[in-house]
Structures are given as structure tokens and as C-alpha cells.
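Novice: here are the coordinates; sequence isn't available:
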């Protein structure tokens, strides 16, 4: 596993290596019961989950307060937290069993300053505790970028970032430009990269929050997906 991290110029400590291996064991142990991931081969977990998750690490400022939307199995949040203990995470996940898994991982890996919230993003975004309170909102493979922007942008404070991990998303980016503008953002950078062992091309889209998001967003009742901005 260390070799793959070396491929992306990241050096792991012995403790970080141990935590990644323990995370992998927990993922495989709970996967059958909780339906967390279809990626179960050792090399694929290392590359498609762990390496992919940390490829955006440089966009998170020191001590950033981060919310992850649709955490699922904890990607990219858990790998980023293992790598960057300075980050503060709130993981939002609507499925109870996945929240149970995430809490188990947090406990077993002894991770601090990370909490799990069992609710939908469109509900949390209306709450004063969460709305525009985060330096970064991050999501990986949750929905198309125009829909995902409506879920994520309301959480980001002005000057903060919405970081979307995507596959080959060229068409999605052009389709999302209007949504991003309406929601108070501006696409700042697109990072294109290839995973080791020819395991696919990826994009990370970095959107800066330049003004407040209108309080009517997210619209809820599934409109983010059925009628994207």
C-alpha cells in the first residue's frame, strides 16, 4: 500500500499505515451486512478508495472545518482524516447502518474531531447550526455536479470551498455552471489525474463560495435531482 501513496507523493507514518490497514479490515468485515462498497479486492481498495480520496488533500487548508455530504463508507473523509489529523469533520449520511459503520470506524481508529450526523443534506442545510458554517463541503460520487452543488453549497461559508470528487466529468462541469452561479459559487479549478495501475481517470472540481446562497436552496422534496438548476 505504501508504494501507491508514494506514487502520488504522499509519505505515510507507521501509525497512518496501521490505520489504513485497520480501516480496510473493518470495511471488508462489515460490507456484507451494511452494503458499503462493491470494491472488495485489496489493490482496488487501496487505489480506488484510499488513493483517490487523498488526491485532493492539498485543497484543505490547515485546521479546516469540513462537512462531507453522503458519506457512505467514509470516502474521502476517513482517508483524509487519517492523513490530516488537523481537519475537523462532520459526516452527513442518511442511512442508519452506514452511520453505525462510520461511528465504529471512528472509534476503532481512535479518530478525534469527527462526528456523524444521520440526516439528509437538504434537511441539515436549513439548520442554523450547519448552514454556511464550513470552510469546505466535500462529496464523492453522490450525484451529478449540478445536483450535488445544490446539496453542498449551502453549507459553505463565503470564501470557503465546495470540493467534488468525480469520474470523467467534463459534460457535468459545463451543465453545472448555471447552478454554481445561482448558488453563489464560481468554479475555481479542475484537477485532472489518473489513478495508479490504470484504474481510471478522475476529476476534482474546486468551487469557491463568493456570495451567500439564497435561503430557498436546497429546495428539498427531491427537486435537486428531478429538476436540477
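Specialist: Great, that's in hand. These numbers were taken from a predicted model, which means no experiment stands behind them.

Novice: Could you use CA atoms for every contact and neighbour count after this?
Specialist: OK.

Novice: Looks like residue 141 contacts residue 166 (just checking).
Specialist: Yes - Residue 141 is in contact with residue 166 according to CA atoms under 8 Å; the separation is 5.8 Å.

Novice: Mind checking which of the two has more residues around it?
Specialist: Shown here are residue 141 and residue 166; by other CA atoms under 10 Å, residue 166 has more neighbours (22 against 14).

Novice: Now that one. Nearest residue, chain neighbours left out?
Specialist: Leaving aside its chain neighbours, residue 166 sits nearest to residue 203 (5.2 Å; criterion: CA to CA, 6 or more residues apart in numbering).

Novice: Beta-bridge partners for the one you found, please?
Specialist: Beta bridges link residue 203 to residue 166, residue 192, judged by DSSP bridges.

Novice: Quick one: mean pLDDT over stretch 123-140.
Specialist: Taken as a whole, stretch 123-140 carries a mean pLDDT of 97.

Novice: what about it, how long is it end to end?
Specialist: 19 Å (CA to CA, to the nearest Å).

Novice: and if you look at stretch 46-66?
Specialist: 23 Å.

Novice: what do you get for stretch 81-90?
Specialist: End-to-end distance (CA to CA), stretch 81-90: 11 Å.

Novice: same question, stretch 53-62
Specialist: 17 Å.

Novice: Same question for stretch 87-101.
Specialist: First-to-last distance for stretch 87-101 - CA to CA - comes to 20 Å.

Novice: what's next to that stretch, contact-wise?
Specialist: The contact list for stretch 87-101 (CA atoms under 8 Å, 6 or more residues apart in numbering) reads 30, 34, 36, 62-74, 77, 81, 113-121.

Novice: Going along the chain, name the helices of this structure.
Specialist: 2-7, 14-34, 42-44, 52-54, 77-83, 96-108, 121-124, 145-152, 170-182, 223-226 (DSSP state H).

Novice: Need the residue closest to the centroid of this protein.
Specialist: Nearest to the geometric centre of the chain sits residue 139, at 3.2 Å (CA atoms, centre = their mean).

Novice: Touching, that one and residue 153? I think so.
Specialist: No - in this structure, residue 139 is not within contact of residue 153 by CA under 8 Å, at 11.0 Å.

Novice: distance of residue 97 from residue 103?
Specialist: 10 Å.

Novice: Also residue 42?
Specialist: For residue 42 relative to residue 103 (CA to CA), the value is 23 Å.

Novice: Comparing those two, which residue is more hemmed in?
Specialist: More neighbours surround residue 103 than the other of residue 42 and residue 103, with 18 against 12 (other CA under 10 Å).
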